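>>> Model the following, please.
(chains A and B)
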There are 2 protein chains.
Amino acid sequence: MKLTILFGGASFEHEISIVSAITLKEKLGSFDLSFIFCDGDHQFYLIEADKMKATTFSKGAHKKMPLLTLSNGAFVQKSMFGSKEHTDLVLNLIHGGDGEDGTIAALLDFYSIKYIGPRKDACTFSFDKRFTKYLCEALGIKSVDYEVFYKNEQKNLNFSFPVIVKPATLGSSIGVSIVKDESGLDYAFDTAFEYDDVVIVEPFLEGVKEYNLAGFMANAEMHYSIVEEPQKEEFLDFEKKYMDFSRSERVREAELEVELVNKLKTNFEKVYRGLFEGALIRCDFFVVNSEVFLNEINPIPGSMANYLFEDFEASLTLLANDLPHRKRVGVSYEYIHSISQAKGK
Amino acid sequence: MKLTILFGGASFEHEISIVSAITLKEKLGSFDLSFIFCDGDHQFYLIEADKMKATTFSKGAHKKMPLLTLSNGAFVQKSMFGSKEHTDLVLNLIHGGDGEDGTIAALLDFYSIKYIGPRKDACTFSFDKRFTKYLCEALGIKSVDYEVFYKNEQKNLNFSFPVIVKPATLGSSIGVSIVKDESGLDYAFDTAFEYDDVVIVEPFLEGVKEYNLAGFMANAEMHYSIVEEPQKEEFLDFEKKYMDFSRSERVREAELEVELVNKLKTNFEKVYRGLFEGALIRCDFFVVNSEVFLNEINPIPGSMANYLFEDFEASLTLLANDLPHRKRVGVSYEYIHSISQAKGK
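Predicted coordinates for the structure are as follows:
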């Protein structure tokens, strides 16, 4: 299968997107891959496969590679001898801002470029933790209690400690703190507000089990990965997540009762249906007393959660062959024509 | 004030966006205006002010005008003699798809072009009627009961007739039907599903009062228009709405008790704050037994609801001078550098 991996982006997760792309290059060995890098200035570059090393980007060597621009149906490479169109199916692998906030989705939709990845509206609900809560409320999915705080507003917290303080829109634990008592609260707010104007606070639940499940819809059916119980630390800091994005070894399946696995899948499908079509996503759940809570939706998980799928290439191919397509509306001028005629013009 | 009106778009409301732009040209006489047209193929054209007539577009004469492309910070006009950048503040006046669904917002954000108009996430919540309901539920705003139906699904309606059947994402009453009894239901669903894969059904409330209120936030304060009681018909069909988009005469203020006006404003502010900053929006409310229900959010109202403002130019200037700006995240390579060093590369 021909596939273009689009990675980078002007985001705090720029580097982990590079790591993710390099990992996928190894995992998708039987695919005919090409690579498009979006740099911090929102310029697109075509990257040769053998230049797909982290240092290519950290040293700025990508700037010598062909520049691409967007046009109807393609990324276009212009040269003295004309222009070449790159029309392969795109995999949106830009983590964090740009990629997961819906910007790239809108751009690819506008230019009618086919892609694997979450659509614009799906991004709105997964990227901003406030809106994930709205989604849970509307769909009857349990999630942890929360309070929303805005920058420069007085902060009266109603929860008792410990609490977890998170910027509303950052991924990969950036700006997140666990606060054990009052004394640490101001600093945690300051840290979170450095990254975002909106901050979410939740009670920090001790002794919860965490389970991750990935999946997608193709041919009107859900397809799920195995369930993973991620490594148990308070939470992953950025450096650990960084390593996490380069995972390629399959993990051991969590030993769970069928009933619980089914509950996870039911919640996953509620989140997914009618919103995430076209994307392979990972939902991270908490389980407390056999009750399932949605913690987070990762609409572009690190290295596409390849390590959770038995046959990752087959799964991606299945998804690639059943992508939603946005109909381009044909414009008409019937009202203008009829009014012009009535006016005799 | 310098302002570029961006209009057109590949949408069912393409024509009314043209009408809206022509109307604003008249209303913003003291501004230094320019015009960019987005055609049905997503090409941008620079339109001379004296060519701003409906027939320019219906006859395809715009195709002879300068083509523009997007680049960092500007719409760019290329010619044999070099290129010219158009960097004026943009007013997003593309109604319906593209403009009100968040696509144009994402595009302008990606290319760092400043604009008046709803941001991407705000569009998600106002464009899809499902998500407007989610927003109301989350924020404690009353709205009419609803049921969601998906294409190709069995339809068991729980409401009694009459009901109103609407495509989830179309504006300007396109595809909307009022159904008085069972016999008209299938046809109404078929009509709505022609335009969208998701359909919303609500009880059709008789004898409700309708009130429209427009407003925006600038300098941390809400600024409101007068309240209008729109013309009372069952609902406006497309042709009537078309006329509605060319309104430029100020309307008479609805005679309401202060208490009710304040209720409308309180609900408006709940919708607006933390989501619609940067936009002048119009909220359409129902009032039943002094209770206020949100019916619809118009994030880009026809001709910007100019007819509701006492001094429309002053209002728009106020908003233009206090727009939210999306910080471009600076990318760093510290993890890649530290890992490369550890590896001795």
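
>>> Got the domain ranges for chain A?
Structural domains annotated on chain A: A:2-116, A:123-142+A:206-320, A:147-203, as defined by automatic domain parsing.

>>> ranking the ones you listed by burial, who's on top?
domain A:2-116 (a mean of 20; mean count of other Cβ atoms under 10 Å in any protein chain shown). From N, CA and C alone the C-beta is placed, and that goes for glycine too.

>>> Is it in proximity to chain B?
Yes - contact of domain A:2-116 with chain B (Cβ under 8 Å from any Cβ of the partner chain) involves A:8, A:10-12, A:14-16, A:18, A:39-43, A:54-55, A:57-58, A:69-70, A:72, A:97-98, A:101-103, A:105-107, A:109-112.

>>> residues in contact with the strand or helix carrying residue A:316?
Here residue A:316, judged by DSSP states H and E, is contained in helix A:312-320. Residues outside helix A:312-320 that contact it (Cβ atoms under 8 Å, 6 or more residues apart in numbering or on different chains): A:1, A:3, A:27-28, A:30-31, A:89, A:91, A:116, A:216, A:218-219, A:223, A:225, A:278, A:280, A:304, A:306, A:309.

>>> For the stretch 101-250 of chain A, what lies in contact range of chain B?
So the stretch 101-250 of chain A meets chain B at A:101-103, A:105-107, A:109-112, A:120-121, A:124-125, A:128, A:131, A:133-135, A:137-138, A:148, A:150, A:198, A:238-239, A:242 (Cβ under 8 Å from any Cβ).

>>> now the residue of the stretch 101-250 of chain A found nearest chain B, what's its secondary structure?
Distances between the stretch 101-250 of chain A and chain B by Cβ to the nearest Cβ are smallest at residue A:106, namely 3.3 Å. Per DSSP: H, G, I helix; E, B strand; the rest coil, the local secondary structure of residue A:106 is helix.

>>> Just confirm residue A:78 is within a strand.
Yes - when classified by three-state DSSP, residue A:78 is found to be part of a strand.

>>> Skip the chain neighbours and tell me the closest residue to it.
Once flanking residues are discounted, residue A:78 sits nearest to residue A:69: 7.1 Å by Cβ to Cβ, 6 or more residues apart in numbering or on different chains.

>>> I'd like to know the phi and psi angles of that neighbour, please.
Here is the backbone geometry of residue A:69 (degrees, to the nearest 10): phi -120, psi 160.

>>> Pretty sure it sits against residue A:44.
Yes - here residue A:69 reaches residue A:44: they are 7.1 Å apart, a contact under Cβ atoms under 8 Å.

>>> intersection of neighbour lists for the two?
residue A:75.

>>> Now the domains of chain A in JSON lines, please, with extra columns for mean pLDDT.
JSON lines is the format used below for these (pLDDT from 0 to 100):
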{"stretch": "domain A:2-116", "mean pLDDT": "96"}
{"stretch": "domain A:123-142+A:206-320", "mean pLDDT": "91"}
{"stretch": "domain A:147-203", "mean pLDDT": "91"}
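
>>> Residue A:326 looks like it's in a strand, true?
No - under three-state DSSP, residue A:326 sits outside any strand and is assigned coil.

>>> could you list every residue that touches it?
A:109, A:112, A:119.

>>> again with residue A:253
By Cβ under 8 Å, 6+ apart, the contact list for residue A:253 reads A:226-228.

>>> do that again at 10 Å, thanks
Residues near residue A:253 by Cβ atoms under 10 Å, 6 or more residues apart in numbering or on different chains: A:225-229, A:261, A:308, A:310.

>>> Now, these that are in helices?
residue A:261 (DSSP state H).

>>> Give me the sheet partners of the strand ranked longest in chain A and which way each runs.
The residue-count maximum for a strand in chain A (DSSP state E) belongs to strand A:209-218. When pairs are called by DSSP bridges, strand A:209-218 turns out to pair with strand A:221-228 (antiparallel), strand A:281-288 (antiparallel).

>>> Just the angle for it relative to helix A:312-320, thanks.
50 degrees (axes from the mean of the first three to the mean of the last three Cα atoms, to 10 degrees).

>>> nearest spatial neighbour of residue A:32, skipping sequence neighbours?
That would be residue A:2: by Cβ to Cβ, 6+ apart, it lies 4.6 Å from residue A:32.

>>> Let me fix that, I meant to ask about residue A:87.
residue A:74 (4.7 Å).

>>> does that neighbour really touch residue A:89, like I thought?
No - judged on Cβ atoms under 10 Å, residue A:74 makes no contact with residue A:89 at a distance of 11.8 Å.

>>> Name the residues contacting each of those two.
What both residue A:74 and residue A:89 touch, as defined by Cβ under 10 Å, 6+ apart, is the set residue A:113.

>>> re the thing from before, out of the strands paired with strand A:209-218, which gets nearest to residue B:192?
strand A:221-228 (26.0 Å; Cβ to Cβ).

>>> Give me the residues contacting that closest one.
So strand A:221-228 is in contact with A:210-217, A:250-256, A:260-261, A:264-265, A:268-269, A:272-273, A:280, A:282, A:284-285, A:301, A:305-310, A:312, A:314-315, A:318-319, A:322, going by Cβ under 10 Å, 6+ apart.

>>> gap between the two ends of stretch A:323-334?
33 Å (Cα to Cα, to the nearest Å).

>>> Oops, could you answer that again for stretch A:29-43 instead?
Length of stretch A:29-43, first residue to last, Cα to Cα: 27 Å.
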